[in-house]
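Engineer: Dropping a prediction and its sequence here:
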Amino acid sequence: MNKNINALYQIAQKETRSIIGLMSGTSLDGLDIALCEISGSGQNSAVKITEFETIDYSEDIKTEIRKVFAKKEIDFQHLVMLNEWIGILHAEMINDFLKKRNIPASQIDLIASHGQTVLHAPKFLHQQEKFPNATLQIGDGDHIAVKTGIITLSDFRQKHIAAGGEGAPLAVYGDYFLFGKKGENRIMLNMGGIANFTFLPASLNSEETFVTDTGTGNTLIDLFTKHYYPEKSYDKDAEIAKQGTINQLLLNHLKDDAFFRQEFPKTIGPELFSAEYVKAALAKSTPDTISPPDLLATLTRFSAETIAEAIQYAVSHSNSKLEDFKIYLSGGGTHNPLLVQWLKELLPCDFHKTDELGISGDAKEAVLFAILANETIAGDDFNFGSHKGIPSVTMGKISLPQ
Ligand SMILES: Nc1ncnc2c1ncn2[C@@H]1O[C@H](COP(=O)(O)OP(=O)(O)OP(=O)(O)O)[C@@H](O)[C@H]1O
Ligand SMILES: CC(=O)N[C@H]1[C@@H]2OC[C@@H](O2)[C@@H](O)[C@@H]1O[C@H](C)C(=O)O
């Protein structure tokens, strides 16, 4: 037997697996690295995060990714080179992460790498009948496996599409396994560049469970903060938005898009929620100019209202009312006090953070990929029924170090 296959066979039978989960999201802020000890699988999974770090992307990395990020037309050679380069950089970041902590690579069973999303084009966005839902994450897993010497699973989203999904959101698998609680209606709301939530009904009926993106989370806030204040990469603690006033007319135009009228589940990215999207809404408004603080207040409100309305809609189709739901927040948007304050005003739910459930909100998405890898290597069959958007498949391609 090939020794790597034998190693995988042994890993699958261990009681506890050490898995490094990696996530670099649409905010392009850096690589989240979560070292997890995972025992069991499926609904019997238990996770302990033993180490976590976000390694910031340098300006050079951000600039190179932005050349292709969410763009329709790009330099193709640049994308091909980037695919290799990001894989190498992520591998080096893991090696540094382990070295800093004196953890030998031999102690790690698996790496689960999301890669860097460069384009997400569900059918709703590309509107080309003969083409399927499409998404692309770069940073090839082979580089990570060879450079770290650790078996690596990567490129999780393609199988999801192959089995009928849009390639996202994958959060539902981790949320259902780790946070589903019988007798408690829970909404796991992640506010990253894009916001999404998993609806976990008290029945824990997998047919009623679903996950959807709601639209922009921090993407537009970040974009226009950088535009008007080049020295800042985001509106820290909503300091700028707090000084502004919501422009109701602009807000109405921002909310007037077919995406918000689409049924759940749906996914989206910065391909739609771009500078052009905001400029088009502004052009329809009078006056068609706005001060930066007013724009940031309006964009923050746009995120808050579209998240709240998606949750109100989901709950209105259940047997329960908003007051019966606990909302668990995660993702960078949790640190935006204005966004959270408005959500609390709009939704009479009971607000918490995933940290209270033992998983830090900043690490949650990296942990998700560790959970998905754990399922692929050691999980039993699981069944989300026939529910659209949650295919019952394992995900991730396996790269062997030798
Ligand atoms: N103190 C803060 N005040 C306001 N916003 C903050 C603060 N801290 C983080 N953020 C926001 O969180 C963002 C990073 O969020 P996160 O790391 O969850 O995004 P991501 O993982 O890249 O996104 P996605 O989940 O869409 O892939 C920052 O770009 C910023 O907008
Ligand atoms: C294509 C892609 O990278 N989508 C991300 C993005 O960031 C948030 C939201 O949009 C979500 O749908 C997804 O990531 C998380 C980890 C998910 O799949 O659940």
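Structural biologist: Everything's here; your move. Ligands and ions are numbered 1, 2, ... in the order given.
Engineer: element containing residue 280, please.
Structural biologist: helix 275-283 (DSSP states H and E).
Engineer: Buried by neighbour count: which residues of that helix qualify?
Structural biologist: 277-278, 281-282 (16 or more other C-beta atoms under 10 Å). Quick note: C-beta positions are derived from backbone N, CA and C, even for glycine.
Engineer: following that helix, which helix or strand comes up?
Structural biologist: Next element after helix 275-283 (DSSP H and E): helix 292-316.
Engineer: what packs against the next helix-or-strand element following that following helix?
Structural biologist: Going down the chain from helix 292-316, the next helix or strand is strand 325-330, by DSSP H and E. Helices and strands touching strand 325-330, by 3 or more C-beta pairs under 8 Å, 6 or more residues apart in numbering; DSSP states H and E, are strand 185-191, helix 292-316, strand 350-353.
Engineer: Quick one: the buried residues of helix 275-283 as a markdown table, columns for pLDDT and distance to residue 333 too.
Structural biologist: Shown next, in a markdown table, are these (pLDDT from 0 to 100; distance: C-beta to C-beta, whole Å):
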| residue | pLDDT | distance to residue 333 |
| --- | --- | --- |
| 277 | 98 | 18 |
| 278 | 98 | 18 |
| 281 | 97 | 21 |
| 282 | 96 | 23 |
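Engineer: Closest one to residue 181 out of those residues, please.
Structural biologist: residue 277 (37.2 Å; C-beta to C-beta).
Engineer: Next, the contact list for the closest one, please.
Structural biologist: Neighbour list for residue 277: 220, 254, 257 [criterion: C-beta atoms under 8 Å, 6 or more residues apart in numbering].
Engineer: Any figure for the gap between the second one and ligand 1?
Structural biologist: Which is residue 254. Relative to ligand 1, residue 254 is positioned 17 Å away (C-beta to the nearest ligand atom, to the nearest Å).
Engineer: correct me, but that residue touches residue 281?
Structural biologist: Yes: using C-beta atoms under 8 Å, residue 254 is in contact with residue 281, at 4.7 Å.
Engineer: and the closest residue to residue 151 other than its chain neighbours, what does it touch?
Structural biologist: In space, residue 151 comes closest to residue 110 once its chain neighbours are excluded; the distance is 5.4 Å by C-beta to C-beta, 6 or more residues apart in numbering. If you count contacts by C-beta under 8 Å, 6+ apart, residue 110 has them with 11, 17-20, 150-153, 370, 373-374, 377.
Engineer: Would you tell me what helix or strand the residue of the stretch 251-400 of the chain at minimum distance from ligand 2 is located in?
Structural biologist: Nearest to ligand 2, among the residues of the stretch 251-400 of the chain, is residue 365, at 4.3 Å (C-beta to the nearest ligand atom). Taking DSSP H and E as the definition, residue 365 sits inside helix 364-378.
Engineer: quick check: angle from that helix to strand 325-330?
Structural biologist: 90 degrees (axes from the mean of the first three to the mean of the last three C-alpha atoms, to 10 degrees).
Engineer: Can you name the residue of the stretch 101-250 of the chain nearest ligand 1?
Structural biologist: residue 192 (2.0 Å).
Engineer: Spit out the contact partners of that residue.
Structural biologist: So residue 192 contacts 25-27, 217-218, 331-333, 365 (C-beta under 8 Å, 6+ apart).
Engineer: Same list (those residues) but as CSV, adding neighbour count, secondary structure and distance to residue 286.
Structural biologist: Output for those, formatted as CSV (neighbours: other C-beta atoms under 10 Å; DSSP: H, G, I helix; E, B strand; the rest coil; distance: C-beta to C-beta, whole Å):
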residue, neighbour count, secondary structure, distance to residue 286
25, 22, coil, 36
26, 21, coil, 32
27, 20, coil, 32
217, 30, coil, 28
218, 28, coil, 28
331, 24, coil, 35
332, 21, helix, 33
333, 26, helix, 30
365, 24, helix, 40
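Engineer: how about TSV for the residues you listed, with pLDDT and distance to residue 141 added?
Structural biologist: Compiled in TSV, the contacts of residue 192 are given as follows (pLDDT from 0 to 100; distance: C-beta to C-beta, whole Å):
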residue	pLDDT	distance to residue 141
25	90	18
26	89	20
27	87	22
217	98	27
218	97	27
331	96	24
332	96	25
333	97	29
365	97	17
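Engineer: okay, among these, which ones form the most distant pair?
Structural biologist: Largest pairwise distance in these, by C-beta to C-beta, is 13.5 Å, between 218 and 365.
Engineer: that older thread, out of the helices and strands packed on strand 325-330, deepest packed?
Structural biologist: strand 185-191 (a mean of 26; mean count of other C-beta atoms under 10 Å).
Engineer: could you list every residue that touches the nearest residue to residue 387 once chain neighbours are set aside?
Structural biologist: Of all residues not flanking residue 387 in the chain, residue 207 sits nearest, at 5.6 Å (C-beta to C-beta, 6+ apart). Neighbouring residues of residue 207 by C-beta under 8 Å, 6+ apart: 384-387.
Engineer: Now distance to residue 54 and neighbour count too, for those, in a markdown table please.
Structural biologist: Output for the contacts of residue 207, formatted as a markdown table (distance: C-beta to C-beta, whole Å; neighbours: other C-beta atoms under 10 Å):
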| residue | distance to residue 54 | neighbour count |
| --- | --- | --- |
| 384 | 30 | 17 |
| 385 | 36 | 11 |
| 386 | 38 | 10 |
| 387 | 33 | 18 |
